[in-house]
Each structure stands twice: as structure tokens, then as C-alpha cells.
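Colleague: sequence and predicted structure, then a few things I'm wondering about:
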Amino acid sequence: MELEQLAILVVEDDAAHAEAIRRAFLSNGVTAEIITVSTLREFREQSAQNPPDIAIMDLNLPDGRAVEVMTSPPENGAFPILLMTSFGNEHVAVEAIKSGALDYIVKSPEAFSHMPRTVERALREWNLLSDRKQSENVIRESEARFHTLSNQFNALLDTLPDRIILHGTDRQVIWANRSATSALAQAEGTDESHCFTLWHDNNVPCDRCPVVESFHTGNSIITDVASSDGKVWELRAIPVKENGQVVSVIEVCRDISEHRKLEDQLRQSQKMDAVGRLAGGVAHDFNNMLNVITGYTELALKRVAGDEKASSYLHGVLDAGRRSADLTRQLLAFSRNQVVQPRILDINKSISDEMKLLQKLISEDIRLTFIPDEDTGPILMDPTQIDQILVNLVVNARDAIEGAGDITITTANADLDEPYCQMHRGAAPGAYVCIKVSDTGNGMDAATIERIFEPFFTTKELGKGTGLGLATVYGIVKQNNGEIHAESKPGAGATFVIHIPRQHPVEAESGFESACPVSRGNETILLVEDDESNLTIARLLLEESGYTVIGSTSPSEACSLFQQHVGEISLLLSDVIMPELNGRELYEQIKVFNPDVKVLFMSGYTDDIITTRGVLPEETNFIHKPFTVTQLAEKVRMVLDGESCS
């Protein structure tokens, strides 16, 4: 806080001293609000009505001593208090600090002239106090005169979770609270009194010992260390001085393992997000190229229908293209930018329908079992994403099993509470459907579990895994506001636990395959695609289905073409992301000339222009690249016939 913004309350019955303080601020160019009162009664009234940012008080006032108000702070809240005395000694210092004062000042012209600097320093110290301020201040104050501690105060320290130890000059332990003594490495009754032996079973002080450094420098020391059990500790050494000499050091040890874990999770989340954005960009460009490859391959297959050998070659290309498209879908799922079409699903039916396919993915000596809870509620999710989750988890379980084994899928309702969510970061309290996939495989250690959902991390041999399977599952679950974690130990198998938000019971949709018949057309379509190769292949695929195509790589040119053929064009087929105008903006301009024109968007990657957080709005007609001639013809026909195909 700037000094000019402060409200300073000066409590001084000597008008000359009060004026000296005021002049000190003015002479230093500080125009703070300074209010002067001369009695404790006036102090109480003023601080109750308008609590100051700081009070500067004379120790002895006409109607009492300042320590009286510090032992009974005003109801409006505490604020720092600096005490002034006409003389200073150890007794006055102890009384001032024990009463609650932040510091005390011996009155003198020099002290008055330095008052702005003293106030600034005091406020800085006050603002730096943490949530442990009260307990640590009590510890620091009390252990400076440890022999005066009462049994009641010792009992208070014993209730604190932090380990608190008072060290003597030769680093022997003078006193320790219950939290510290409960962690002793040495057996009770030992004659040893050094902390490095009692707690660490060492014969010499530990490296980077803050207590040793605090004795040596006379400064407070804060450092972090990792213990052999994997915990991280914040060690704070606070020197206790008499006549300028360090006579003892208070050590406060706090377990900050959970705090560090949260920091690591934040860094991991940021890393996953960065890789996800990269993956989404790669998938977008790759899908555009795949669209050209698979499109030309399909057209070529129609021309060599009688050539069995050539057809087999082209089918190999088409198959490779489709597998590549599957890989990009994994990248998009991981980056949470996958185009999804969520609907209310009966999860038990979805898994049951998938069981035959899943069984084909595993060997005959592995038994796949589905155990549904019949009361499991519905979920809102894209059916294809359920398939992706199951395939990836079952394949992962299959690879973890050597020889014969079991893979079990279960479902049930689950209500997550606050304690569960505190243990599983990323989870939120509420009603969920729980899906578990368990195996009897080799299991995983804790280090592997920590990294299991990272993209491109795999424990499989080179060439036997992309490292994208579990990252894909993670991305899908998070995209659907769910929670996922793995439970495993080496040699004890593994269980992947997924929670997806549960919906109100309604009639679930039985499928997502289009019922619209694929037929040829003769309408005119305005095709807008900024990539020349994709424009060409899309034109050929549409013409193959009987349509007349007017094509353009420029949105502005497309607007002119539409005006010229406004009575002919029945459909706008446009890419989403283009220079000059995006697909949505192009459609809005074209609608001015013909509000009834139909539109179908296409893209290898979606943008918030079309989607909100990766979810396609129901009213938007969309086809994802790469697409086949059949898929494109079907989508176009459905839009022209006025049916939703989003």
C-alpha cells in the first residue's frame, strides 16, 4: 500500500511530539491522512468508527497505558500498532511485543524524522504475515523466553500439526511439541539430544540444515527438503536473540507435499493443454490431406472396377487412409477439439452392443466379461466416444496380460462427495455413472500411474504403441466433464475408473446411424474451400453424385458467384476456417440474397465459430474431413431434403 493512501492514527498527549510526527511525513513528501488523538478513550472511539491502517501510540497516556487497548483490540478488526516510549530497555521491549505491538520506538528527533520509513517497514512486515501468523508469532515470542512458558501454552503447541522444535546453541533439542516427538526415529528413553540423531538417525547434522545456518547468520531461514518417504517439507528456522546473540533457534517443519502435488498437477495440466493444441492443429492439416488422398482413391476404384490387382492396391491405400483418419481422431479427442454429437445414451446398452467387437480385439485365452448394474442411469455423450473409450481401455488391458487372464467391465451409479473430490483432483461433487475396466495383467507402479495419461508415453516395446490410447480416453472424459483415474500395483492388475455425469432418466436413443437413403441429385451447389486440392476433390465427389458445382477458393469471390447464380444455387458447402471470412460469416452474407439457401459446413478441425467448446450445436449441419463419396452424398442429400444431419 502506498503511504499516500494510508490512514494513520497518532495517539500522543504531547502536542509537540504529535506535530513532529506529522512534519516528518510532510517533509518526506508523504500526504497521508494523519489523525491525532491524545487519550485511550479517543483512540477507542476513532478506531471503532474508522479503523486506521496503522496506529502510532505513546505507551503512557493520561487515561491509561497503550497495552490496555492491545489486549482488547477493537471489534472492527485488528491493525498494526507501533508503540512509542520515552526510554527503551529489555523490559519495555518484551512488554510491547507481548501486548501485541508490531514494534516499539524510543522517542527522539531522529526517530521522528525516520517515522515514514519505520511505518513503511512495519506495514510490509504486517502484510507478509501468513495464515500461520498467530501461532508462529506466539512460538517466536514465547520460545525467546522458553522457561516462562506455561503448561497451558505447551498444550496449545501440542495441538498444532506442524513439528515445532526448540534448539539450543550446540543444536541439542530443548523442547519439541507432540507432532515432532511422534516422528522420532530413535527409541524413547535415549540419552541422545541432537535433532539429526533423534529424527534422522544420523551422526552429523543434515546437509542444508536451516537451524545450523540460522545459528551462523542470525537470520530466519526457509528451505524445502524431501524426506526418504517421498514427502516434501518446508523447514523454517527462527533465531531467538538476547543482547544481539542467537541463544536458540525455533524450527517449524510443515508438510507441504499436497501443495507441491497441486503445483505438479498444474504444470502437468498446462503441458497437456499445450500438447493438445498442437495435436489439434496437426490433425486439422492432416485431415485436409487425407481428404484428398481418400477421395481420389475412391474415384480411382470406380474406374478400375474390372482390374482386380489394381483394385487391391487402391483398397490398401484407402485402408491406410482410414487408419490415419482414426489416428487424427485420437489426436482431436486428446486435444478436446473433436467434433461430437452428444445424445442421451443407455450406457449398458452401448457397452453390450460393443462387446462383440471388443471380443475380436483380444485373444481367445483372455475372458471378457461385462457386469452391468441394471439401475445405472443414462449419460449425455457421443456414442462414437464411448466406442473409443472401450476400445482403447480393452486393448490396453489386453497388452498388460501375459497369457490367460480376465478383463471385466462394470457399470454403476455413483454420487461423488467432497472427500472423494479432494482425493481425485479434477472431480466435482455430483451424480455420475461409473464405468470400470479391470484386468488381471502385470499392473503398474506409482511412477507409471503418474504419467499414464500423458500423450506419447508408453511402456510398450518400440513399434507396439503410439502412446495416444490412454491420452485419447483422458481427453474424451474431460471433454464430457468427467473424471478418470487408474488404480494399480505391480503384479496385481489394473482398474481404470471413469465417472461421467448422470442425466435424468429419459428414453435413450438407440443408435446414431443415419436413416436417410443415399441418392443422387441434380441441384447446383456453391462449393467454397480455400485449399485448392480439397476444392478439386470435393467438386469431383459431388459431380460423381450428379450435382452441378460452382467452386471457389475465395469467400469474397463466392459471394459474387452466389449473386450471379442466386436463383440456381440450392446449397452452400463451405469450409469453416478460411482467410477473409470464415464459413459462418460467409453464410450470413449469402443469406441476405436468399434467406432460404441451405448450408453444410466441413472442416478437418472445428472452431468456436461453429462449435462451443467442441460440441456441435444441434442446428448446425456439419461433415468432418476426411469423408467418403458416400458420406458426402448422404450429408448433402439430407440437408437439401431438410433433414438434420449435424
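Modeller: On my side now, so go ahead.
Colleague: now stretch 577-586 - C-alpha only, CSV.
Modeller: Extracted C-alpha coordinates of stretch 577-586, given in CSV (Å, rounded to 0.1, in the frame of the first residue of the first chain):
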residue,chain,number,x,y,z
ILE,A,577,-11.7,-21.8,-41.4
MET,A,578,-10.7,-19.6,-44.4
PRO,A,579,-9.0,-16.3,-45.0
GLU,A,580,-11.1,-13.1,-45.4
LEU,A,581,-14.3,-14.7,-44.0
ASN,A,582,-14.9,-17.8,-42.0
GLY,A,583,-17.7,-20.2,-43.1
ARG,A,584,-20.2,-18.8,-40.7
GLU,A,585,-19.6,-15.2,-41.8
LEU,A,586,-19.8,-16.2,-45.5
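Colleague: in it, which residues are buried?
Modeller: Going by neighbour count (16 or more other Cβ atoms under 10 Å), the buried part of stretch 577-586 is 578, 581, 582, 583, 586. No exception for glycine: its C-beta is placed from N, CA and C like everyone else's.
Colleague: and the last one, what is it in contact with?
Modeller: Read that as residue 586. When contacts are counted by Cβ atoms under 8 Å, 6 or more residues apart in numbering, residue 586 touches 528, 555, 558, 559, 572, 574, 578.
Colleague: now do the strands in the stretch 101-250 of the chain.
Modeller: With DSSP state E, counting those that start in this stretch as the criterion, the stretch 101-250 of the chain has strands at 103-106, 163-167, 173-176, 221-226, 232-242, 245-255.
Colleague: pick the most buried one from those strands.
Modeller: Across the strands of the stretch 101-250 of the chain, averaging neighbours per residue (mean count of other Cβ atoms under 10 Å) puts strand 163-167 on top, at a mean of 23.
Colleague: I'd say residue 163 and residue 184 touch.
Modeller: No. Applying Cβ atoms under 8 Å, one finds residue 163 not in contact with residue 184, separated by 10.5 Å.
Colleague: what is in contact with the two at once?
Modeller: What both residue 163 and residue 184 touch, as defined by Cβ under 8 Å, 6+ apart, is an empty set.
Colleague: tell me, how many residues neighbour the closest residue to residue 398 other than its chain neighbours?
Modeller: Once flanking residues are discounted, residue 398 sits nearest to residue 362: 4.6 Å by Cβ to Cβ, 6 or more residues apart in numbering. Counted with other Cβ atoms under 10 Å, the neighbours of residue 362 add up to 18.
Colleague: in the protein, what helix or strand scores lowest on average pLDDT?
Modeller: helix 133-143 (a mean of 59; mean pLDDT, DSSP states H and E).
Colleague: got the contact list for residue 126?
Modeller: Contact partners of residue 126, counting by Cβ under 8 Å, 6+ apart, are 54, 80, 102.
Colleague: of all those, which comes closest to residue 306?
Modeller: For the contacts of residue 126, the residue nearest residue 306 by Cβ to Cβ is residue 80; the value is 94.0 Å.
Colleague: please tell me I have it right and that closest one contacts residue 122.
Modeller: Yes. Using Cβ under 8 Å, residue 80 makes contact with residue 122 at a distance of 5.8 Å.
Colleague: name the residues contacting each of those two.
Modeller: With Cβ under 8 Å, 6+ apart as the test, residue 80 and residue 122 both reach 54, 102.
Colleague: tell me where the stretch 251-400 of the chain has helices.
Modeller: For the stretch 251-400 of the chain, helices defined by DSSP state H, counting those that start in this stretch occupy the ranges 257-303, 308-334, 347-360, 383-400.
Colleague: residue 373 is nearest to which of these?
Modeller: helix 347-360 (7.9 Å).
Colleague: bridging residues for the residue nearest to residue 213 when sequence neighbours are not counted?
Modeller: Leaving aside its sequence neighbours, residue 213 sits nearest to residue 221 (Cβ to Cβ, 6+ apart; 5.0 Å). Judged by DSSP bridges, the bridge partners of residue 221 are residue 237.
Colleague: report the contact partners of residue 221.
Modeller: Residue 221 is in contact with 210, 211, 213, 214, 235, 236, 237, counting by Cβ under 8 Å, 6+ apart.
Colleague: tell me who's in contact with the third one.
Modeller: By Cβ under 8 Å, 6+ apart, the contact list for residue 213 reads 219, 221, 237.
Colleague: now the strands of the stretch 101-250 of the chain in CSV, with mean pLDDT and distance to residue 631?
Modeller: Compiled in CSV, the strands of the stretch 101-250 of the chain are given as follows (pLDDT from 0 to 100; distance: least, Cβ to Cβ, whole Å):
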stretch, mean pLDDT, distance to residue 631
strand 103-106, 83, 77
strand 163-167, 86, 66
strand 173-176, 83, 73
strand 221-226, 83, 55
strand 232-242, 87, 54
strand 245-255, 88, 57
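Colleague: which one, of those, ends up nearest to residue 282?
Modeller: Proximity to residue 282 (Cβ to Cβ) singles out strand 232-242 among those, at 36.6 Å.
Colleague: contacts for that closest one next, please.
Modeller: 136, 139-140, 143-144, 210-211, 213-215, 218-227, 246-257, 260.
Colleague: only C-alpha atoms, please: export that strand in CSV.
Modeller: The C-alpha trace of strand 232-242 is given here as CSV (Å, rounded to 0.1, in the frame of the first residue of the first chain):
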residue,chain,number,x,y,z
VAL,A,232,8.3,-32.6,0.9
TRP,A,233,8.8,-30.4,4.0
GLU,A,234,9.1,-26.7,4.4
LEU,A,235,11.7,-26.0,7.2
ARG,A,236,11.6,-22.6,8.8
ALA,A,237,14.3,-21.7,11.3
ILE,A,238,13.7,-18.6,13.5
PRO,A,239,16.5,-17.3,15.7
VAL,A,240,15.9,-16.2,19.3
LYS,A,241,18.3,-13.5,20.3
GLU,A,242,19.4,-12.0,23.6
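Colleague: what's the angle between that strand and strand 221-226?
Modeller: Orientation note: strand 232-242 sits at an angle of 150 degrees relative to strand 221-226 (axes from the mean of the first three to the mean of the last three Cα atoms, to 10 degrees).
Colleague: shaky segments in the stretch 501-646 of the chain?
Modeller: Per-residue confidence for the stretch 501-646 of the chain (pLDDT under 70) gives these ranges: 506-519, 605-619, 643-646.
Colleague: next up, phi/psi of residue 545, please.
Modeller: Phi and psi for residue 545, reported as degrees, to the nearest 10, are phi -90, psi 10.
Colleague: right, and it touches residue 520 too?
Modeller: Yes. If you go by Cβ under 8 Å, residue 545 and residue 520 touch, sitting 5.3 Å apart.
Colleague: need the overlap of contacts for the two.
Modeller: Joint contacts of residue 545 and residue 520 (Cβ under 8 Å, 6+ apart) are residue 633.
Colleague: these two: which is more packed in?
Modeller: Taking neighbours as other Cβ under 10 Å, residue 545 and residue 520 compare with residue 545 leading, 19 against 10.
Colleague: for the more buried one, give its distance to residue 629.
Modeller: Remark: distance between residue 545 and residue 629 (Cβ to Cβ, to the nearest Å) = 7 Å.
Colleague: follow-up on the earlier one: redo the contacts of residue 221 as a markdown table? Include distance to residue 398.
Modeller: Below are the contacts of residue 221 laid out as a markdown table (distance: Cβ to Cβ, whole Å):
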| residue | distance to residue 398 |
| --- | --- |
| 210 | 52 |
| 211 | 55 |
| 213 | 55 |
| 214 | 58 |
| 235 | 48 |
| 236 | 51 |
| 237 | 54 |
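Colleague: for those residues, which one is nearest residue 6?
Modeller: Closest approach between the contacts of residue 221 and residue 6, by Cβ to Cβ: residue 236, at 29.7 Å.
Colleague: show me the helices in the stretch 501-646 of the chain, by range?
Modeller: Remark: helices assigned in the stretch 501-646 of the chain by DSSP H, counting those that start in this stretch are 532-544, 555-564, 583-591, 629-640.
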